[in-house]
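Asker: let's see this in three dimensions:
(one chain, ligands or ions: 2)
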Amino acid sequence: MKKNIETFEELCTFADYSFVKELNCDPEAKQNGNNKSSREVYSGHYVNVEPTPIKEPIYISHSKNFFKELGFSETLLKEDNFIKMFSADTSKLPETIKNKTWATGYALSIYGTEYYAQCPFQTGNGYGDGRAISIFEAVLNNKRWEFQLKGAGKTPYCRGADGRAVLRSSVREFLAQEHMHSLGIPTSRSLTLFTSKKEQVLRPWFRKESYSRDPEVMIEEDVAITTRVASSFIRVGQLELFGRRARKHEHKDALKELEQLVLHLIKREYSETIDDNLNLEKKVLLLAKQFQDRLTSLVANWIRVGYCQGNFNSDNCAAGGFTLDFGPFGFIEMFDPNYQPWTGGGMHFSFFNQPQAAQKNFKSFCSALKPLIISNLESIKELEKIENDFSVIMQSKIEKMWASKLGLIEFDFELFNELINLMIETKVDYTIFFRELSNIPKDMTELENSFYTNIENEIIKSKWNSWLEKWKAKLKANSQKKLEELSKQMKLINPKYTLREWILVDAYKKAQKGDYTLINELQEIMTNPYSKQTKEIEKRYYSKKPSEFFGIAGVSHVSCSS
Ligand SMILES: Nc1ncnc2c1ncn2[C@@H]1O[C@H](COP(=O)(O)OP(=O)(O)OP(=O)(O)O)[C@@H](O)[C@H]1O
Ligand SMILES: [Mg+2]
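Answerer: Ligands and ions are numbered 1, 2, ... in the order given. Just a heads-up that it's a prediction; the model follows:
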């Protein structure tokens, strides 16, 4: 067995910065002092920015699972220097690491349309990591990881905002990341969560028990920092920033910088499947194909577990094909194909529209790659073909996913369509419904646990029973497996526990009062989402959304995710 990393000093010896070798720093960074105010960054892939520490950091939690995976000993948490590092205080970092903390610029496309308006200069040069600062990169247990502090203070991309994250949103992201990983879905991971009572920031929010869709008041919230970790934080939007500059010949090195970033992305995220000896055009085409494969699987998986990324812009879409930015997210409770937890997100980022949103992001991704292969008509055609294949590939993954949720080998459109309509008509809890179905019930009474309303209507009852009969006949015809085995298999596809918003609200409200027990409890429960767990846990968390929370602002929908 490999030895754990026991001390902060030892941890620092693992620092290995690939981006420094392969990418460019903003040439104007040095003459801009500490780079902590909004400005235009015209070139370079990153800006060195020193994070702004939160005062008197209070440890809330860390991911035990992820510590183990990284080979981090829990003794690290007792070291002041380790705590300092992950609460944004770089004063105790060795010189070599200290001056390397960095933020990156990126562009924004919303549902495939390029935007510049969100940049204070209307040029796109002032948009990017406004509050996320990477602090460390290392190869640990043969895998390269980047450590990023979210809420670590202002950067050139802060657009006049405070550079902070609040406790509420940090608790949500901290728990959701590890939950997503445990659901078996690629994602950025959570390392640590710290807060401070010494700094508060203002955020738009709602009055108590309000039904308002729009924020009504400004509230003061304690700041917090989550450290998230991923193989890289390169976003589709980041490729777009350099793609747009190259397309418009904005400066003499624009095309070169795009190429550097794309090659860097391949090394960071696709090195196992894209041979370094291939020429650029071949690499670009393979990259498009493989990103498409990951992105379509990702979105199919999100729908499988009831996850909605309410703001699936290109800047929230990781080029490595994993889940990123757990801000405006939600896990669906009462099934509604148009479910959208974030009031700013609109229908295009709603639950069942995520495949279309992903397609738009993929289009933006391909546009960013085009300047690199523009001189070769064949390659351009090939890329366009890949782009055009998106919907067919996406559809086939979605169908496979639905078949697997139903324990079937093949997707059956009629059966599926009938089910979806019944689920809408009956108002079912998405998670509980599929989990109960995994028991292969003898009739609809065994599904009632997942219904939000009592069904008196005999017609609906008989519709359910006839659907169940048809489904079970398909199950038997479809598979040689015994029903018991099929049921087991379905329970590995249909989670029992998902992170419901009212449970998260409870956790962050307690945390705001200094009680972190629920965060730790949820961490345990939500990192075992497919297992049965105890009767006590089942009673509390395998539970439909209580009626008093329907329509309530801050629980049923949110306006501010930061
Ligand atoms: N309080 C803040 N201070 C500075 N910049 C911010 C703040 N909140 C959000 N931003 C920036 O605004 C942009 C859009 O915000 P969005 O909510 O998508 O991202 P986020 O939740 O901060 O970050 P990420 O995508 O890194 O998880 C991001 O580029 C983000 O860095
Ligand atoms: Mg974001």
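
Asker: relative to Leu255, how far out is the residue lying farthest from the centre of the chain?
Answerer: Note on the chain: the largest separation between a C-alpha and the mean C-alpha position, by CA atoms, centre = their mean, falls on Glu458 (42.2 Å). Taking CB to CB, to the nearest Å as the criterion, Glu458 is separated from Leu255 by 68 Å. Glycine gets a C-beta too; all of them are placed from N, C-alpha and C.

Asker: spell out which residues of the stretch 151-300 of the chain are next to ligand 1.
Answerer: By CB under 6 Å from any ligand atom, the residues of the stretch 151-300 of the chain that approach ligand 1 are Cys158, Arg159, Ala161, Asp162, Gly163, Arg164.

Asker: closest approach to ligand 2 from the stretch 301-450 of the chain, which residue is it?
Answerer: Proximity of the stretch 301-450 of the chain to ligand 2 (CB to the ion) peaks at Asp325, 4.0 Å away.

Asker: could I get the contacting residues of the nearest residue to that residue once chain neighbours are set aside?
Answerer: Across the structure, with CB to CB, 6 or more residues apart in numbering as the measure, the residue nearest Asp325 apart from its sequence neighbours is Asn316 (4.2 Å). Contact partners of Asn316, counting by CB atoms under 8 Å, 6 or more residues apart in numbering, are Arg235, Gly237, Gln309, Leu324, Asp325, Gly327.

Asker: residues in contact with the second one?
Answerer: Same thing as Gly237. Counting by CB under 8 Å, 6+ apart, Gly237 touches Tyr106, Ala107, Leu108, Ser109, Asn313, Ser314, Asp315, Asn316, Cys317, Ser364.

Asker: between those, which is nearest Lys535?
Answerer: Asn316 (38.4 Å; CB to CB).

Asker: distance of that closest one from Thr192?
Answerer: Here the criterion is CB to CB. By it, Asn316 lies 22 Å from Thr192.

Asker: what does the helix or strand bottoming out on mean pLDDT in the chain contact?
Answerer: For the chain, using mean pLDDT, DSSP states H and E, the weakest element among its helices and strands is helix 18-22, scoring a mean of 86. By CB under 8 Å, 6+ apart, the list of residues contacting helix 18-22 from outside reads His45, Tyr46, Lys100, Trp102, Glu137, Arg144, Gln260, Leu263, His264, Lys267, Arg268.

Asker: mind showing which ranges of this protein have poor pLDDT?
Answerer: In the predicted model of the chain, residues 1 satisfy pLDDT under 70.

Asker: how's it carved up into domains?
Answerer: Structurally, the chain divides into domains by automatic domain parsing as follows: 8-238, 260-401, 408-491, 501-549.

Asker: in CSV: those, plus distance to Arg244.
Answerer: Below are the domains of the chain laid out as CSV (distance: least, CB to CB, whole Å):
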stretch, distance to Arg244
domain 8-238, 6
domain 260-401, 8
domain 408-491, 38
domain 501-549, 36
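
Asker: can you tell me which residues contact the closest residue to Glu69 other than its chain neighbours?
Answerer: Ranked by CB to CB, 6+ apart and with sequence neighbours excluded, the top spatial neighbour of Glu69 is Asn141, at 7.1 Å. When contacts are counted by CB under 8 Å, 6+ apart, Asn141 is found next to Lys2, Glu69, Leu70, Gly71.

Asker: hmm, try it at 7 Å
Answerer: Lys2, Leu70, Gly71 (CB atoms under 7 Å, 6 or more residues apart in numbering).

Asker: quick one: the first one from Gly345, how far?
Answerer: For Lys2, the distance to Gly345 under the criterion CB to CB works out to 43 Å.

Asker: higher neighbour count, these two?
Answerer: Set Lys2 next to Gly345 and count neighbours by other CB atoms under 10 Å: Gly345 wins out with 24 against 8.

Asker: show the contacting residues for that one.
Answerer: Residues in contact with Gly345, defined by CB under 7 Å, 6+ apart, are Gly310, Asn311, Pro328.

Asker: Ser438: which of those is nearest?
Answerer: For these, the closest approach to Ser438 (CB to CB) belongs to Gly310, at 27.3 Å.

Asker: quick one, strands of the stretch 451-562 of the chain?
Answerer: For the stretch 451-562 of the chain, strands defined by DSSP state E, counting those that start in this stretch do not occur.

Asker: kindly report the residues of it close to ligand 1.
Answerer: Applying CB under 6 Å from any ligand atom, we find that the stretch 451-562 of the chain lies next to ligand 1 at Ser561, Ser562.

Asker: mind listing the helices for the stretch 451-562 of the chain?
Answerer: Listed in chain order, the helices found in the stretch 451-562 of the chain under DSSP state H, counting those that start in this stretch are 458-478, 483-491, 501-512, 517-526, 535-541.

Asker: what are the C-alpha coordinates of the longest one, in PDB please?
Answerer: Looking back up the chat, that one is helix 458-478. Backbone C-alpha positions of helix 458-478 (Å, rounded to 0.1, in the frame of the first residue of the first chain) are rendered in PDB as follows:
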ATOM      1  CA  GLU A 458     -60.600   4.000 -11.000                       C
ATOM      2  CA  ILE A 459     -59.700   4.800 -14.600                       C
ATOM      3  CA  ILE A 460     -56.200   6.000 -13.600                       C
ATOM      4  CA  LYS A 461     -55.800   3.000 -11.300                       C
ATOM      5  CA  SER A 462     -56.600   0.700 -14.100                       C
ATOM      6  CA  LYS A 463     -54.300   2.600 -16.400                       C
ATOM      7  CA  TRP A 464     -51.500   2.000 -13.900                       C
ATOM      8  CA  ASN A 465     -52.300  -1.700 -13.600                       C
ATOM      9  CA  SER A 466     -52.400  -2.200 -17.300                       C
ATOM     10  CA  TRP A 467     -49.200  -0.400 -17.800                       C
ATOM     11  CA  LEU A 468     -47.500  -2.500 -15.100                       C
ATOM     12  CA  GLU A 469     -48.800  -5.700 -16.800                       C
ATOM     13  CA  LYS A 470     -47.400  -4.600 -20.100                       C
ATOM     14  CA  TRP A 471     -44.100  -3.600 -18.600                       C
ATOM     15  CA  LYS A 472     -43.700  -6.900 -16.700                       C
ATOM     16  CA  ALA A 473     -44.500  -8.900 -19.800                       C
ATOM     17  CA  LYS A 474     -41.700  -6.900 -21.600                       C
ATOM     18  CA  LEU A 475     -39.400  -7.600 -18.600                       C
ATOM     19  CA  LYS A 476     -39.900 -11.300 -18.900                       C
ATOM     20  CA  ALA A 477     -39.600 -11.400 -22.700                       C
ATOM     21  CA  ASN A 478     -36.600  -9.100 -22.600                       C
END
